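> with the input below, show me the fold.
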Amino acid sequence: MKSKIRAVGFDFDGTLIMSEEQKAKEMEKVFRERFKIKNEVKAAYQRLSGKALNREEKVKALFKQFIKRKPTAKELKMVKGHFGQHYQKSMQSCPMFQCTNVLKELKKQVEFLFLLSLEDKREVKKIADHCGVGQYFDEILGGPKPKVENLRHILKKHHLKPQEVLYIGDAHSDVIASKKVKVKTILLGKKHMYEKLKEDLEADFRFSNLCDIPVKIDGLKRR
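Below you'll find the model as predicted:
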């Protein structure tokens, strides 16, 4: 690597905690309890995951599909509060991936770590703190701002060059966001995904899971 990595960022959902399935279930509960819609919400929410949409954008898409109109500001606020309560409660068991010791090792090697999510920033911070990983991050960023905007914030605030930042995520949208601001990317996922992504979503590094990332980031080798 030509430039020394000074900052490392982590996606939250799907990378550090296993929550996408659970979030789909919780959104299904909200639409059933508040709008009497009982079927297909979970599947629809799962299809929206990975499209770089924040929660409000996903809710608007669900309204369009199931209620056939745009949500009012009052309805958006209600869904946000109701879903947030379900989401935080469901995460109390801390469904963490293995190898969170990677955070401890990286913390020693770089100037700072940051956590980046599309979910509400306050909720992400509460869950990260509750699950014992919030202490490793110097900055926690989240919705409603998009990931690209938050990545640009990291570069500007900390006076970083794009090549000095490494971002670790598990979704196509993580690679897209990283490429838009030209930061280096580690894509986590099964090997069968790699060829699918090869032409238009070139991650800098690929590993099947968090555990496979080398302890020494200076030792990373391009695929």
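
> so what does the residue of the chain most remote from its centre look like in phi/psi?
Each residue of the chain has a distance to the centre, and by C-alpha atoms, centre = their mean the biggest one is for K36: 29.3 Å. Note on K36: backbone dihedrals following degrees, to the nearest 10 are phi 60, psi 30.

> longest helix in the chain, please.
In terms of residue count, the longest helix belonging to the chain (DSSP state H) is helix 73-90.

> what's the following helix or strand after it?
Helices and strands here follow DSSP states H and E; after helix 73-90, the next one along the chain is helix 101-109.

> returning to what we had before: and the longest helix of the chain, what does it pack onto?
In this structure, helix 73-90 packs against helix 20-35, helix 55-66, strand 112-120, helix 121-130, with contacts taken as 3 or more C-beta pairs under 8 Å, 6 or more residues apart in numbering; DSSP states H and E. The C-beta positions use only the backbone N, C-alpha and C, and glycine is treated the same way.

> now for these, which one comes closest to D11?
strand 112-120 (6.2 Å; C-beta to C-beta).

> with just CA atoms, put that closest one into CSV.
Extracted C-alpha coordinates of strand 112-120, given in CSV (Å, rounded to 0.1, in the frame of the first residue of the first chain):
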residue,chain,number,x,y,z
PHE,A,112,-8.8,6.7,14.8
LEU,A,113,-11.7,4.4,14.0
PHE,A,114,-15.1,5.4,12.9
LEU,A,115,-18.4,3.6,12.7
LEU,A,116,-20.8,4.4,9.9
SER,A,117,-24.4,3.3,9.5
LEU,A,118,-27.5,4.3,7.5
GLU,A,119,-29.6,3.8,10.7
ASP,A,120,-30.3,6.7,13.1
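
> oh, and call the first residue 679 from now on, that's how I've got it
With the count now opening at 679, the last piece we talked about shows up as strand 790-798.

> on that earlier part again, in TSV: the helices and strands packed on helix 751-768, plus mean pLDDT and distance to D848.
Formatted as TSV, the helices and strands packed on helix 751-768 follow (pLDDT from 0 to 100; distance: least, C-beta to C-beta, whole Å):
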stretch	mean pLDDT	distance to D848
helix 698-713	88	9
helix 733-744	93	17
strand 790-798	90	12
helix 799-808	88	16
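
> and for the residue nearest to V757 when sequence neighbours are not counted, the neighbour number?
Nearest residue to V757, sequence neighbours excluded (C-beta to C-beta, 6 or more residues apart in numbering): V737, at 5.2 Å. Using other C-beta atoms under 10 Å, the number of residues around V737 comes to 22.

> list the contacts for V737?
V737 makes contact with M705, P749, L754, V757, K758, according to C-beta atoms under 8 Å, 6 or more residues apart in numbering.

> please pick the buried ones from these.
Those of those that meet the buried threshold are M705, P749, L754, V757, K758, by 16 or more other C-beta atoms under 10 Å.

> sort these by pLDDT and name the bottom one.
Lowest pLDDT of the buried ones among the contacts of V737: K758, 87.

> list the contacts of the closest residue to P822 other than its chain neighbours.
Setting aside the residues directly before and after it, P822 is nearest to N732 in space (C-beta to C-beta, 6+ apart), at 5.2 Å. Shown in contact with N732 (C-beta under 8 Å, 6+ apart): L796, E797, G821, P822, K823, P824.

> thank you kindly, that will do.
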